[in-house]
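Kindly generate the corresponding structure for this input.
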Amino acid sequence: MLSPLITLVVTIFIFGLLIFIHEFGHYMVARAFGVGVIEFAIGMGPKIKTWKGKYNDFSLRAIPIGGFVNMVGEYDEEIPEEHKYKTPLNTKPVWQRILIVIAGPLMNLVLAFLIMSILVSTGSVIGSTKVAGFMENSVSNNYGLQINDEIIEINGKSIKCYSDMAYKIVSDGNEPIDMTVLRNGEKVYLEDISFGIETEKGIAFGNQDFLVYRKEKTFTNVVYESFWQSVSTVYMTVDSIYDTFSGKYGMDAVGGPIAIGGEINNTIESSKSFVETLQNLASLTVMISVSLGVCNLLPIPVLDGGRLLFYIIEAIRRKPLNPKFEQAISAFFAILLFGLMFFVAFKDLIGLF
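Next up, the predicted model:
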C-alpha cells in the first residue's frame, strides 16, 4: 500500500508545482501590466480553500489537474461590483495581452532549464557526441562511422549535445540515416548509416550501438550542456507531437495524467537509491514541464496558443474578433478537449489492468 500512496503524493506534487509555475507566469505579468485579477486558482472544480489576498483571492480546488488566473474582463463581460475598480484585461494593448499569454508556457520552459542545470551540475558525467568505441555486434561501424568521429549533424539537424544525438538515432535510426562528422579536424559527410532496430509496441526505433567519450565537467560545459539539453528536450517534444499527429506512433503513444503517474511509479520502483530516485524524477519533471509548455502553445482555442492566435489575428486586423464568435469557438474546442481527455484517461485506466 505504501508504494501507490507515495506515487500519488509525488504525482500530485509534480503536477501541482508545474501548474503553479505556469499560472504564476500569467499572474505576475498580468499584475506587472496592471491587469485586475479576481482569482488565482490551483486545481479545477469546487473550491476546497480560499485565501483573501491584498489584490485578489487565492484558491485550492478539488480536482488536482489544471489551474487558472481569472482576470477582470477575461471570461465575463459583466464585471462583479467588487471588482469594477480594477483594470480589465481587454482594455490593455494587444502586445501586453500576448506577453501575458506566453508567460505561462515560458515559465514551464524556464523551470525545465533550471532543473536541467541542477541535474547536469550534480551528475557524475557529461556525455559528448564523439565516438569512443563500438559495442559487440554493432552495425554502424560497417557503414563508415569510426572511433573518434564527432557527430555534428544527423539527417540535416545540427547536433549540439548527447541527447540531441541519442534522440535522432532512436527516432530516425529505424531507417538508414545521413551524418556529418568531424574527423581529424575536417567535416566528413556519411550517407546511409544503418543501426540495429528495436521494436516496442509495434514501433521500430534505432539502437545506438556505440559508446561516447566523457566531457570534462567545467563551469562552461555545465552551462552549455544545461542550455542545449533543455533546447533538445523542447525539440524532442515538438518532434514527438508532430510524429503522433502524423500517425507514426498512433494513439498508443498518447498518455494523460494517469499514464504519467504510472511512469512516475516505474521511476520510483526502478531507482536503486534515494538520490537516484530524485535525479530520475527530476529528469521526468523536465520532460513533463517542457511538454506542458509546448502543448499549451498549440494554436487550439481554450489553450494558451489558441488565445495567442486570437490576439495575433486582432493585431493584424487592428480590431478584436467578435466576442461571441470567440466564445462559440472556445466552447466547441473545450468539448473536444474534454472528450479527448476522457478518452485518454479511459485508455490509460484500461492499460493498468
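
CA atoms only for the strand or helix carrying G43, dumped as CSV, please.
Following DSSP states H and E, one finds G43 within strand 37-52. Only the C-alpha atoms of strand 37-52 are listed here, as CSV (Å, rounded to 0.1, in the frame of the first residue of the first chain):
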residue,chain,number,x,y,z
VAL,A,37,-7.1,39.7,-11.1
ILE,A,38,-10.2,38.1,-9.4
GLU,A,39,-8.8,34.7,-8.5
PHE,A,40,-5.6,32.7,-8.7
ALA,A,41,-6.6,29.0,-8.6
ILE,A,42,-4.7,25.7,-8.4
GLY,A,43,-6.9,22.8,-9.5
MET,A,44,-10.3,22.7,-11.0
GLY,A,45,-13.9,22.1,-9.8
PRO,A,46,-15.3,23.1,-6.4
LYS,A,47,-13.2,25.2,-4.0
ILE,A,48,-11.6,23.5,-1.1
LYS,A,49,-10.0,26.5,0.5
THR,A,50,-9.8,30.2,-0.3
TRP,A,51,-7.5,32.9,1.0
LYS,A,52,-8.2,36.6,0.7
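
just checking, what packs against that strand?
Using 3 or more Cβ pairs under 8 Å, 6 or more residues apart in numbering; DSSP states H and E, the elements in contact with strand 37-52 are helix 2-32, strand 57-71. Quick note: C-beta positions are derived from backbone N, CA and C, even for glycine.

hmm, who's touching it?
If you take Cβ atoms under 8 Å, 6 or more residues apart in numbering as the criterion, strand 37-52 is touched by 16, 19-20, 23, 27, 30-31, 53, 55-72, 80, 83, 86.

Give the buried residues for that strand.
Within strand 37-52, the residues that qualify as buried are 37-43, counting by 16 or more other Cβ atoms under 10 Å.

How far away from the center of its chain is stretch 215-225?
Computed by Cα atoms, centre = their mean, to the nearest Å, the chain-centroid distance of stretch 215-225 equals 24 Å.

Please identify the buried residues of that stretch?
215, 222, 224-225.

Columns distance to L114 on top of the residues you listed, output as JSON lines?
Output for the buried residues of stretch 215-225, formatted as JSON lines (distance: Cβ to Cβ, whole Å):
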{"residue": "K215", "distance to L114": "21"}
{"residue": "V222", "distance to L114": "13"}
{"residue": "Y224", "distance to L114": "16"}
{"residue": "E225", "distance to L114": "14"}
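
low-confidence ranges in the chain?
Counting by pLDDT under 70, the chain shows low-confidence ranges at 1-2, 75-77, 201-202, 245-266, 268, 270-271, 338, 340-353.

My assumption is that L145 lies in a strand; please confirm.
No. Counting by DSSP: H, G, I helix; E, B strand; the rest coil, L145 falls outside a strand, being coil.

The nearest residue to it once chain neighbours are set aside: neighbouring residues, count only.
With sequence-adjacent residues excluded and distances taken as Cβ to Cβ, 6 or more residues apart in numbering, L145 is closest to I193, at 5.8 Å. I193 has 22 neighbouring residues, counting by other Cβ atoms under 10 Å.

Assign I335 to helix, strand or coil.
Classification of I335 by three-state DSSP places it in helix.

Near it, how many residues? Count them for me, please.
11.

Give me the distance between Y213 and L337.
Computed with Cβ to Cβ, to the nearest Å, the distance linking Y213 and L337 is 46 Å.

Let me fix that, I meant to ask about K130.
Distance, K130 to L337, using Cβ to Cβ: 45 Å.

now the helices for the stretch 101-250 of the chain?
162-172, 219-245 (DSSP state H, counting those that start in this stretch).

Turn those helices into CSV, including distance to V286.
CSV is the format used below for the helices of the stretch 101-250 of the chain (distance: least, Cβ to Cβ, whole Å):
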stretch, distance to V286
helix 162-172, 11
helix 219-245, 6
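
Confirm that K324 sits in a helix.
Yes. Counting by three-state DSSP, K324 is found in a helix.

List the contacts of the residue lying closest to E225 once chain neighbours are set aside.
Nearest residue to E225, sequence neighbours excluded (Cβ to Cβ, 6+ apart): V120, at 4.9 Å. Counting by Cβ under 8 Å, 6+ apart, V120 makes contact with 126, 222, 225-226, 229.

gap between V120 and F134?
According to Cβ to Cβ, V120 stands 26 Å off from F134.

got it, and S289?
35 Å.

between those two, which one's more packed in?
Neighbours per residue (other Cβ under 10 Å) separate S289 from F134, with S289 holding more: 29 against 17.

And the next helix or strand past the strand or helix carrying the more buried one?
For S289, the host element (DSSP H and E) is helix 274-296. Next along the chain after helix 274-296, taking DSSP H and E as the criterion, comes helix 304-317.

Many thanks, we can stop here.
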